[in-house]
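*Asks:* turn this into a model:
(one chain, ligands or ions: 1)
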Amino acid sequence: VQKIESLLGRTIGLDAASIGRSTIERAVHERSRMCLLPDKDAYWEHLCASATELQQLIETVVVPETWFFRDHGAFAALADTAHGIWLRSRPSATLRMLSLPCSSGEEPYSMSMALIDSGLPPERFRIDAIDVSRRALEKGRQAVYGRNSFRGAQLQFRDRYFEAAGTTYRLAEPVRAAVRFERGNLLDTNFLPGAALYDAIFCRNLLIYFDPCAQTKAIELLARLLKPAGALFVAPAETTLVQSHGFSPMRWPGAFAFRKDEAPPSPAHTETPPASQAKAHITALPRIPFTQQLGQPVAPSVKAEQMVDITRLADQGQLEAAAEACAFHLSTNGPSAQILYLLGLIRDAEGRPIDAIRHYRQTLYLQPAHKEALTQLALLLDKQGDSAAAQLLRARLRRLEPSHA
Ligand SMILES: C[S@@+](CC[C@H](N)C(=O)[O-])C[C@H]1O[C@@H](n2cnc3c(N)ncnc32)[C@H](O)[C@@H]1O
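*Replies:* Got it, this is the predicted structure:
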């Protein structure tokens, strides 16, 4: 059985201890009996020779437990982000989402219902629903569910989107339209080769069953599949794990949503902030509307309406959403002094001076005569106690004044 445990670990990442060794023992016993094999050794030989049997064993050991709107907050956050971030920056885009593992479909269909409820027609989004279990996928494709899939008190969605069929409920076609089921093993070497990146990935209640090596591999893969401004949703028990692998929490309470940490800017684009910043005190800027703080005319690479959208978000106090829209802009259009400066303002207002300083410096690298960035950076450095650096910047500012020429 130990050999079988390691095979399952190598194939689907399963940590035998997570489901209990006796569960695997029982599964092996059951499969040996079904295959009419006399003992475990004979079963092991059969298992090594037959991919079909390996799949059968996988079907027996996986935990397909799931239900509609499990951890409700995630679906509200998904709809909010769809409108507040992704569609604002790309109004005509089709949103791409991944539910992995989707089990029998309750999760991807909940995503679909949440988005339709928020006013998004099914043709504006696509959800790839992937799981290693063919049995679970078949149930998802049929989209007929029993009482166990509906838990908790908030079941109004069932009246809106399901038709009762005896003791079961059949899901309406528009909710199904955007969901595509596919068999896949997250740990396969050629898992989703060449897939376009996703705006959102739901990977919930899978990592908890993985051994540490599989967890790391899986999170690295999820990071590769996620767009820079995308959101990764995990289960409550998996939050610490993703935070220790390069993800930071997003702002919705109860959503367990994360985004990728910003990649460190390339050395060519940064100056190293002075060490004195390490003991910085956080001081927020006075709240002057972001629209008034931009100053410089919008660069041709930044579409005016995108800038308006991002500053509007910031002025409405949706700082995180505005910062994400900036990050998305930078990742799709390349460096822009205007966007980096705005990101600096946002981080400054959020009370994140180290990040703000970094973005102001990046702005000045791209546009050395950016007066507003010089002013803000000098102010911030003063607050950090680095008045020598602040004075140098003010001298630089004075040299830019027409009277100086
Ligand atoms: C507990 S369910 C989670 C379903 C859903 N995400 C949720 O949170 O309700 C776990 C699912 O993970 C699937 N699974 C296990 N190992 C997998 C792997 N290596 N690749 C893809 N799916 C896997 C199982 O088949 C099972 O359906």
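
*Asks:* look up the closest residue to Tyr209, ignoring the ones flanking it.
*Replies:* Leaving aside its sequence neighbours, Tyr209 sits nearest to Ser18 (Cβ to Cβ, 6 or more residues apart in numbering; 4.6 Å). (Each C-beta comes from the backbone N, C-alpha and C, glycine too.)

*Asks:* in this structure that neighbour contacts Leu206, no?
*Replies:* No - contact criterion Cβ atoms under 8 Å: Ser18 and Leu206 do not qualify, at 10.6 Å.

*Asks:* those two: who's more crowded?
*Replies:* More neighbours surround Leu206 than the other of Ser18 and Leu206, with 24 against 12 (other Cβ atoms under 10 Å).

*Asks:* for the nearest residue to the more buried one once chain neighbours are set aside, which residues are in contact?
*Replies:* Leaving aside its chain neighbours, Leu206 sits nearest to Pro101 (5.1 Å; criterion: Cβ to Cβ, 6+ apart). For Pro101, the contacting residues are Ile130, Asp131, Val132, Ser133, Leu186, Cys203, Asn205, Leu206, by Cβ atoms under 8 Å, 6 or more residues apart in numbering.

*Asks:* helix, strand, or coil at the fifth one?
*Replies:* Assigned state for Leu186: coil (three-state reduction, DSSP: H, G, I helix; E, B strand; the rest coil).

*Asks:* and the residue nearest to Tyr209, what's its pLDDT?
*Replies:* What the model reports as pLDDT for Ser18 is 92.

*Asks:* state the distance from it to the ligand.
*Replies:* Computed as Cβ to the nearest ligand atom, to the nearest Å, the Ser18 to the ligand distance reads 11 Å.

*Asks:* got phi/psi on that residue?
*Replies:* Phi and psi for Ser18, reported as degrees, to the nearest 10, are phi -70, psi -30.

*Asks:* cool, Ala349 as well?
*Replies:* Backbone torsions of Ala349, given as degrees, to the nearest 10, read phi -70, psi -30.

*Asks:* which one of the contacts of Pro101 has the most neighbours?
*Replies:* When neighbours are counted by other Cβ under 10 Å, Asp131 leads the contacts of Pro101 with 28 neighbours.

*Asks:* which non-adjacent residue is nearest that one?
*Replies:* Excluding the flanking residues, the one nearest Asp131 by Cβ to Cβ, 6+ apart is Pro101, at 4.4 Å.

*Asks:* quick one, phi/psi of the one you found?
*Replies:* Note on Pro101: its backbone torsions stand at phi -90, psi 140 [degrees, to the nearest 10].

*Asks:* below-threshold pLDDT in this protein: ranges please.
*Replies:* For the chain, applying pLDDT under 70 flags the ranges 263-304, 365, 403-405.

*Asks:* now the strands for it?
*Replies:* 95-99, 125-131, 144-145, 162-165, 168-171, 179-183, 198-202, 226-233, 247-249, 257-260 (DSSP state E).

*Asks:* mind exporting the second one as PDB, just the C-alpha atoms?
*Replies:* It refers to strand 125-131. In PDB, the C-alpha atoms belonging to strand 125-131 read as follows (Å, rounded to 0.1, in the frame of the first residue of the first chain):
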ATOM      1  CA  PHE A 125     -17.400  35.200 -19.900                       C
ATOM      2  CA  ARG A 126     -16.000  31.700 -20.200                       C
ATOM      3  CA  ILE A 127     -15.300  29.300 -17.400                       C
ATOM      4  CA  ASP A 128     -13.000  26.400 -18.000                       C
ATOM      5  CA  ALA A 129     -14.000  23.700 -15.400                       C
ATOM      6  CA  ILE A 130     -11.300  21.100 -14.900                       C
ATOM      7  CA  ASP A 131     -11.000  18.100 -12.600                       C
END
